[in-house]
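Student: Need coordinates for the following:
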Amino acid sequence: MSTTATNSLWFPRLYREHILACQTSAWYPLFERKTIKCTVIPALSDDFKAYLESDGIIIPEGAEDRDPSIEMSDDEVQESDSDDDPPQRYAFPELDAQIRQAISTYDAVFPKLNWTAPKDAAWMLSTNAPLKCTSPADVYLLLKSSDFAMHDLDEAGIFEGCVDQALPSNGLNGGHGVGDDADISSISSAELHENSVGYNLELVLKKWYEVERSREVRCFIRDNRLLAISQRDPNFFEHLVPLETQNRIRATVWSFWRREVKNKFANGRVPNYVLDLLLTRDLSRAHIVDFNPYAPRTDSLLFEWSELAELHEQALSSEERLGLQSLSLEESAVDEQLVSEATLPPLRIVTSPNQATRPAYSHNMVPAEALSDNAMQFAAQMAVEMAQRAREAQELEARRNR
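Tutor: Just a heads-up that it's a prediction; the model follows:
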């Protein structure tokens, strides 16, 4: 069986609605009290998108929180005058003001675009707090340095794999119900092009605070069934090993999802998604971190997508055998042990130090001592060089595999 055919069995049909529902602006109003506080700045200008897509790492004028009366040194002036082709200048005073307002409200922020956070660029800030932004310049530097964030600028890439890829994105999926196997093949390519509507690029500024990464989990939901839970951080945490601790996590996650999220995300119209949660220190409660599409683009972490497909089949078989398809603890008198066995999803953690992987996005990092007084200039040069080397390595590997 081909890989494409196999993958089609691992994943449900993907619609534009599923992708759009995972934007922070789409789900935050509904779950505002169950998630981290944030500010969404909608409809970013075409000029800002052009800035993000431009070559080089240039901080817009007025974005840095420093005294504008400070003049450049003679050497800097001479160097600037000698440039035959000076870089294009950018300035976004209105956006700067909105970012500063959010920082004033939250003390510090963690930025992302519609779907994607610049986690791969965390090393660009010379701080002991990854992704902690205290000025517009910090926000711009992270976004400009991130390969991940660039994903949100490519509409074709965003909706890649959607069966209604060229249908309107206004509303949600343009009128096609979830699970609707609408015959989109009957729609002409001209009609698809005419009806295609782009999405609005937005900036999300979440309140920044330091969290214990061991308390973050990823949940996989298909057909409104919580299939599995995975530890998000790739490192080993000894306190997660005891079975009692794992069972508490499973119970808390399952209870939170069933009470607060099930049939509420996207008003129940999207049954397939991946949910990231942050548990409280006592592991008794949870907060929503993010929603992601149930699609190959989302990292399945400690599970394989094929395993999740098997769990989905097992869930269907179990429900049919036990008659638990519409099970609800408040409405069912089924034995508690039976409920636990039938509903609590499996949890997968890193079970030993040997299993732990290298730090996430380590291929994007530079030594800490490099982030000194000249951090921004050095980091910009390094980012360009490292990106070029990565592309060359990928091309070399591709040639070898031919």
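
Student: For the helix or strand that Thr252 is a member of, report the contacting residues that lie outside it.
Tutor: Thr252 belongs to helix 243-256 when assigned by DSSP states H and E. Applying CB atoms under 8 Å, 6 or more residues apart in numbering, the contact partners of helix 243-256 are 217, 219, 226, 229, 239-240, 277, 279, 283-286, 343-347, 349. Glycine gets a C-beta too; all of them are placed from N, C-alpha and C.

Student: pLDDT of stretch 104-124, averaged?
Tutor: Confidence for stretch 104-124, expressed as mean pLDDT, is 93.

Student: Ser300: neighbour count?
Tutor: A count of nearby residues for Ser300, using other CB atoms under 10 Å, gives 18.

Student: Wait, it touches Phe220, no?
Tutor: Yes: Ser300 is in contact with Phe220 according to CB atoms under 8 Å; the separation is 7.4 Å.

Student: Find the residues that touch each one of the two.
Tutor: The contact sets of Ser300 and Phe220 overlap at 230, 308 (CB under 8 Å, 6+ apart).

Student: Excluding covalently adjacent residues, which one is nearest to Glu307?
Tutor: Ala228 (7.7 Å; CB to CB, 6 or more residues apart in numbering).

Student: which strands and helices sit next to the helix or strand harbouring the one you found?
Tutor: According to DSSP H and E, Ala228 maps onto strand 225-231. With contacts defined as 3 or more CB pairs under 8 Å, 6 or more residues apart in numbering; DSSP states H and E, strand 225-231 has these neighbours: strand 216-222, helix 243-256, helix 305-322, strand 347-348.

Student: where among these is the average confidence lowest?
Tutor: helix 305-322 (a mean of 87).

Student: What residues sit buried inside it?
Tutor: By neighbour count on 16 or more other CB atoms under 10 Å, the buried set for helix 305-322 is 305, 307-309, 311-312, 315, 319.

Student: repeat for stretch 105-117
Tutor: Applying 16+ other CB under 10 Å to stretch 105-117 flags 106, 108-117 as buried.

Student: From those residues, which land in helices?
Tutor: Tyr106 (DSSP state H).

Student: Turn the buried residues of stretch 105-117 into a markdown table, including distance to Asn292.
Tutor: Shown next, in a markdown table, are these (distance: CB to CB, whole Å):
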| residue | distance to Asn292 |
| --- | --- |
| Tyr106 | 23 |
| Ala108 | 24 |
| Val109 | 21 |
| Phe110 | 17 |
| Pro111 | 17 |
| Lys112 | 12 |
| Leu113 | 14 |
| Asn114 | 12 |
| Trp115 | 8 |
| Thr116 | 10 |
| Ala117 | 11 |
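
Student: how about low-confidence regions in the stretch 1-150 of the chain?
Tutor: Scanning the stretch 1-150 of the chain for pLDDT under 70 picks out 1-6, 66-87, 127.

Student: For stretch 260-280, the averaged confidence score.
Tutor: 97.

Student: tell me which residues in it are buried?
Tutor: Neighbour-count burial for stretch 260-280 [16+ other CB under 10 Å]: 260-262, 265-266, 269-279.

Student: cool, and stretch 207-219?
Tutor: Going by 16+ other CB under 10 Å, stretch 207-219 has these buried residues: 207-208, 214-219.

Student: same check, this time on stretch 290-305
Tutor: 290-295, 297-298, 300-303, 305.

Student: mind checking the end-to-end distance for that stretch?
Tutor: Across its full length, stretch 290-305 reaches 19 Å end to end, with CA to CA, to the nearest Å as the criterion.

Student: just stretch 88-95 next, same as before
Tutor: From its first residue to its last, stretch 88-95 covers 18 Å (CA to CA).

Student: Residue numbering should commence at 85 henceforth.
Tutor: Let's use 85 as the start, then, which means that last one is stretch 172-179.

Student: ok, back up a step: just send the buried residues of stretch 291-303 back as a markdown table, with distance to Leu215 too.
Tutor: What follows is the buried residues of stretch 291-303, written out as a markdown table (distance: CB to CB, whole Å):
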| residue | distance to Leu215 |
| --- | --- |
| Lys291 | 12 |
| Trp292 | 7 |
| Ser298 | 18 |
| Arg299 | 17 |
| Glu300 | 14 |
| Val301 | 19 |
| Arg302 | 18 |
| Cys303 | 22 |
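
Student: Can you pick out the most distant pair from those?
Tutor: Trp292 and Cys303 (23.3 Å; CB to CB).

Student: hang on, the earlier thing: would you mind checking the contacts of helix 327-340 for buried ones?
Tutor: Those of the contacts of helix 327-340 that meet the buried threshold are 301, 303, 310, 313, 324, 361, 363, 367, 370, 427-429, 431, 433, by 16+ other CB under 10 Å.
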